[in-house]
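Participant: could you look at this predicted model? Sequence included:
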Amino acid sequence: MRIYRDPYGEEVVKELIKYLEINRLRPKGFKVVRSNSETSAIARIWGVSRVLQVGLGVEPTYVIELVEPRFSNLPCKEKLRTLIHEIAHVPKTFSGYVRPHNRWFKNDLREWLKGLRSLPKERIQALCYKLDEGVREIRRGN
Ligand SMILES: [Zn+2]
């Protein structure tokens, strides 16, 4: 399995958090990787548990894994919806815990998808361009 860090994806996550005014999330606490994992998922989110945070001396961190080529094959808006879905797995406490598809997850997801729909078209296209450019950049480097 190949896994690459995707700094472009990280920028897009930061921008999404800013545009959607999700003030409770720490943009710096998100990392993005691309993988070709054998999974039926298009994306997954991994949290660094409290035990690992203390043991390794790291801050609460979440890693969003984008599974290729499935993620890249999605239409633009579906890519952003997928990222927002993964971000909605992060609880209010930003503890490292990944919450299931519970009602708090669903409430946040609904609200943030509504926010996505109200973003200007150019902004959405710029985010998708950055995601695609990221994957091109990564392919060139490997
Ligand atoms: Zn989910």
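Facilitator: Done, it's in.
Participant: buried set for stretch 15-32?
Facilitator: 16-17, 19-20, 22, 25, 29-32 (16 or more other Cβ atoms under 10 Å). Yep, even glycine has a C-beta here, placed from its N, CA and C like the rest.
Participant: out of these, which is nearest to residue 79?
Facilitator: Closest approach to residue 79 among the buried residues of stretch 15-32 (Cβ to Cβ): residue 16, at 10.7 Å.
Participant: just give the closest residue to the closest one, not the sequence neighbours.
Facilitator: Using Cβ to Cβ, 6 or more residues apart in numbering and skipping residues adjacent in sequence, the residue nearest residue 16 is residue 83, 6.2 Å away.
Participant: surely the one you found touches residue 14?
Facilitator: No: between residue 83 and residue 14 there is no contact under Cβ atoms under 8 Å: 11.0 Å.
Participant: the two: who's more crowded?
Facilitator: Neighbours were counted for residue 83 and for residue 14 using other Cβ atoms under 10 Å; residue 83 has more, 26 against 15.
Participant: can you check my assumption that the more buried one lies in a strand?
Facilitator: No: checked against DSSP: H, G, I helix; E, B strand; the rest coil, residue 83 lies outside a strand; its state is helix.
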